[in-house]
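Return a 3D structure for these sequence lines:
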Amino acid sequence: MHRSRPTVLGMALVLALGVGLGGTAPGPRMEAAASAVAAQRGVPASSAVEQAGDDAIVQHYQQLGGSASFLGTPVRSPYDIAGGRAQDYTGGRIYWSPTTGAHEVHGSIGGHYLELGGPAGFLGFPRTDENPTPGAPGRYNNFAGATIYWSPTTGAHEVHGSIGGHYLELGGPAGFLGFPRTDENATPGAPGRYNNFAGATIYWSPATGAHEVHGSIGGHYLGSAAQPASSASPAPTRTPPQAPPAGTTTSPAPQSTGARPPGPTRFTGPSADTTWSGGPAGFPGFPRTDETGTPDGVGRFNHFAGGSIYWSPATGAHEVHGAIRAQWTALGWEHSRLGYPTSDEYGITGGRRSDFQQGSILWHEASGRIEVIYTSVPSVLLGVDLERIPTGQKVVALTFDAGANDAALRSILTTLTANGVPGTFFLTGNWVNQFPSDPALIYNAGNRIGNHSMTHPDFTTLTDAQVAAEISSAQRTIEAAGGDPLPFFRFPFGARDSRTITDVNAAGYAAIRWTVDTLGWQGTLNGTRGPGFIVQRVMASAQPGEIVLMHLGSNPDDGSTLDADALPQVISQLRAAGYSFVTLNAALG
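Down below sits the predicted model:
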């Protein structure tokens, strides 16, 4: 029976999309596929090429079982297509080109192949028949420019180029990534490409290459950890993928490459702070590594163009970037005393901050200073009011209490800076409220800040709850000014007992007393004392680990600032005696 050309085309399309070997379901978009077939037919071939192609098609048809095979019987004659030849059958189609030979395509893979342009598209001619995927319940065809994979749960999707190559390096369908859930697509808002897979997403950019992101790290990267990385990844309406960018690889045939251990699936709910998120178009940019285990064997990480995301069972997933990341790196990453990050970087007054298991790193914008805060208190400092840094080295810690006014602050800071000496400043919350810009002057000059209570009461007269309130109120006030007083606390008036020391420790602080009080706060006593008195007291108590107590305020009766006046000579004479200067960080070991 003679059939018109439109009728033959329609039948060919229906047959090509029919159910094929392995139960692959018919592909969608039949009208689009019909248009693709019609557009590709009619490309002329020489008679010699035509005969060679037709012979190869017939031979391969017979190898597959002929009319008794899943292909069924031929439909119309072979035809020219995209510089090669093709033959339709009731159950599929065989394509041939001089460079790829004859191979069949059918079912959902065949339908998707036509949606993506067939032989005239970027996939080109098939290089294999449809085959079962090794180690995974699905099917695949290799093409000149890509591979199309199919599984019952994901459908048919193509993978190609550098993404396809890296996919196979990570185990392909049999690895932790599983089957693709999308074709390769352009990343929204960023110059790159991505494929979603059942267990991860692989991103590619010219600058970073192809790398996978998954699990809690993948969720945090995109700004939501409520679902697997693949389903949380951007999934725009499918469009025909472009040809692989110049220099990328063409996907080889699937093979077992050995799956990299993926670690557990770790989606534990939305992150508390997702300001860093946004995927490739956001601050992180494209990944520069796959997810990798940390050297300690506890956590996982991905590096990105804009920073890193680290995960551990105890801390979850958090990002570290910029100058704070550089400081954490210099300290030894998660192996350092700080441990893993417990927050993303966030804004504070005058700068930025990231918190870690055992402390924080602060970046102060005005000075560009990076400050490392260790919050863990060594057991040797618990239950005591420390009077000397436990060391045999000739070091001295200059400390300054603030509670009255700030009359001597600028003079003291000038002297410390001029001599390259750091100090530790104990601030009350009320003082910070009275002089809100002063804390920034202190920490931007490279000094350490401690907690001196909120209102400067005698702690031995307070209940445990009142002690806790004094400490926490001062801490919040100092933090609001951009500083961090942890883990150093000094009792007002030096008044303490074993109970209040325990309360201070319970609040996360080490109690710090002094080796010598200069008594500069007493003033000149009607002119009987001057700066020399201060210097004499400090030098008389000089010893390894000496803690010197001085004050920032002026005497209320005579307005004197003896500590500030004596400070240049204190520094000079201590140096002459072989001493160097440290902050109280030295007490933390």
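
now the strands for the stretch 301-450 of the chain?
Along the stretch 301-450 of the chain, counting by DSSP state E, counting those that start in this stretch, strands occupy 307-312, 316-320, 346-348, 351-356, 359-364, 369-374, 385-386, 395-402, 424-427, 448-451.

Would you mind telling me which of the ones you listed is nearest Thr182?
Smallest distance to Thr182 across those (C-beta to C-beta): 22.5 Å, for strand 307-312. In this view, the C-beta of every residue, glycine as well, is placed from N, C-alpha and C.

I'd guessed Asp497 sits against Thr460; true?
Yes: counting by C-beta atoms under 8 Å, Thr460 is a contact partner of Asp497 at 5.5 Å.

OK, contacts around Val298?
The contact partners of Val298, by C-beta atoms under 8 Å, 6 or more residues apart in numbering, come to 312-313, 334.

Make CSV from the strands of the stretch 301-450 of the chain and add mean pLDDT, mean neighbour count and distance to Pro492 to it.
Converted to CSV, the strands of the stretch 301-450 of the chain look like this (pLDDT from 0 to 100; neighbours: other C-beta atoms under 10 Å; distance: least, C-beta to C-beta, whole Å):
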stretch, mean pLDDT, mean neighbour count, distance to Pro492
strand 307-312, 97, 24, 39
strand 316-320, 97, 25, 37
strand 346-348, 96, 14, 26
strand 351-356, 98, 22, 28
strand 359-364, 97, 22, 25
strand 369-374, 96, 19, 23
strand 385-386, 98, 20, 13
strand 395-402, 98, 25, 9
strand 424-427, 98, 27, 9
strand 448-451, 98, 27, 11
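
With distance to Arg181 added, can I get these in JSON lines?
Conversion of the strands of the stretch 301-450 of the chain to JSON lines gives the following (distance: least, C-beta to C-beta, whole Å):
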{"stretch": "strand 307-312", "distance to Arg181": "22"}
{"stretch": "strand 316-320", "distance to Arg181": "22"}
{"stretch": "strand 346-348", "distance to Arg181": "34"}
{"stretch": "strand 351-356", "distance to Arg181": "34"}
{"stretch": "strand 359-364", "distance to Arg181": "38"}
{"stretch": "strand 369-374", "distance to Arg181": "42"}
{"stretch": "strand 385-386", "distance to Arg181": "59"}
{"stretch": "strand 395-402", "distance to Arg181": "59"}
{"stretch": "strand 424-427", "distance to Arg181": "55"}
{"stretch": "strand 448-451", "distance to Arg181": "51"}
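
closest one to Gly219 among those?
Among the strands of the stretch 301-450 of the chain, strand 316-320 comes nearest to Gly219, with 7.3 Å by C-beta to C-beta.

Run the angle between that closest one and strand 359-364 for me.
Strand 316-320 runs at 30 degrees relative to strand 359-364, counting by axes from the mean of the first three to the mean of the last three C-alpha atoms, to 10 degrees.

Okay, now the sheet partners of strand 316-320, with direction.
Its sheet considered, strand 316-320 pairs with strand 307-312 (antiparallel) by DSSP bridges.

could you check the angle strand 351-356 makes with the strand it pairs with?
Computed by the same axes, to 10 degrees, the angle separating strand 307-312 from strand 351-356 equals 30 degrees.

mind exporting strand 307-312 as CSV, just the C-alpha atoms?
C-alpha atoms of strand 307-312 as CSV (Å, rounded to 0.1, in the frame of the first residue of the first chain):
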residue,chain,number,x,y,z
GLY,A,307,35.4,30.7,50.0
SER,A,308,34.7,27.3,51.6
ILE,A,309,31.9,25.4,53.3
TYR,A,310,32.8,23.1,56.1
TRP,A,311,30.6,20.4,57.7
SER,A,312,30.9,18.3,60.8
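
Run through who's touching that strand.
Outside strand 307-312, the residues that touch it by C-beta under 8 Å, 6+ apart are 215-217, 220-221, 266, 276, 283-284, 294, 298-302, 317-322, 325, 334, 340-341.

Report the buried members of those.
With burial judged by 16 or more other C-beta atoms under 10 Å, the buried subset of the contacts of strand 307-312 is 215-217, 220-221, 266, 276, 283-284, 294, 299-302, 317-321, 325, 334, 340-341.

Spell out which helix or strand contains Leu168, please.
Assigned by DSSP states H and E, Leu168 falls within helix 161-169.

right, and the helix or strand after that helix?
Remark: after helix 161-169, the chain's next helix or strand is strand 185-186, criterion DSSP H and E.

ok, so what distance separates Thr100 from Tyr509?
For Thr100, the distance to Tyr509 (C-beta to C-beta, to the nearest Å) stands at 73 Å.

and these two? which has more neighbours close in?
Tyr509 (23 against 18; other C-beta atoms under 10 Å).

For Thr424, see how far away that one is.
From Tyr509 to Thr424 the distance is 13 Å (C-beta to C-beta).

Common neighbours of these two, please.
When contacts are counted by C-beta under 8 Å, 6+ apart, Tyr509 and Thr424 have Phe488 as shared neighbours.

okay, and for the stretch 401-550 of the chain, where does confidence drop off?
Counting by pLDDT under 70, the stretch 401-550 of the chain contains no low-confidence range.
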